[in-house]
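sequence below, structure please.
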Amino acid sequence: MSERRDPLLNYRYRVEIDGLVVAGFSEVTGLGSEIETEEFKEGGTGFVHRLPAGFKQSNIVLKKGMGLSTDLIEWYQEVVKALRFGKPIPKSPNLYISLIDGEGRERVRFRITAAYPVKWSGPELKGSGSDVAIETIELVHEGMVVV
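Got it, this is the predicted structure:
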């Protein structure tokens, strides 16, 4: 009889940026890619062909509770500074997002290459609130593969 394989749970994951495990991300979205198509109508029949025209990667969005570390906003500010002075954009050589099973083993690992931030958002501050202060960073990248 084969081993039971439960689906992986969406709250067990790990994020590594440049080999460092970055803890505390409360949400990761944008693990996706899309093949774009264009339509070509066949003459005389009206049949429409949908042909591949390219592909695009979704932006990766990372959210985490804001603490004393300013690493994410500093990375964003480095990109802004590079753009301002016409220097190369500081890209992360590799960003890894791993799904972890119930026993703590890494089961699926996504490698995102040449990522850099295009948007940083600070927390929403409310005098009457008691929620965790969340910072968000949005990254573009040159590719994502399962390794």
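
how close does the residue nearest to the spatial centre of the chain get to residue 42?
The centroid of the chain falls nearest to residue 60 when counting by Cα atoms, centre = their mean (2.2 Å). From residue 60 over to residue 42 the distance is 39 Å, taken as Cβ to Cβ, to the nearest Å. C-betas here are computed from N, CA, C, even on glycine.

over to residue 64?
51 Å.

and those two? Which one has more around it.
Between residue 64 and residue 42, residue 64 has the larger neighbour count (other Cβ atoms under 10 Å), namely 21 against 9.

put the alpha carbons of the host helix or strand of that one into PDB.
Using DSSP states H and E, the element containing residue 64 is strand 60-65. C-alpha atoms of strand 60-65 as PDB (Å, rounded to 0.1, in the frame of the first residue of the first chain):
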ATOM      1  CA  ILE A  60       6.200  38.400  -5.200                       C
ATOM      2  CA  VAL A  61       4.700  40.200  -2.200                       C
ATOM      3  CA  LEU A  62       6.100  39.600   1.300                       C
ATOM      4  CA  LYS A  63       4.400  40.800   4.400                       C
ATOM      5  CA  LYS A  64       5.900  40.700   7.900                       C
ATOM      6  CA  GLY A  65       5.500  42.200  11.300                       C
END
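
how about the closest residue to residue 138 other than its chain neighbours, what does it touch?
In this structure, residue 138 finds its nearest non-sequential neighbour in residue 119, 4.0 Å apart by Cβ to Cβ, 6 or more residues apart in numbering. Residues near residue 119 by Cβ atoms under 8 Å, 6 or more residues apart in numbering: 76, 136-138.
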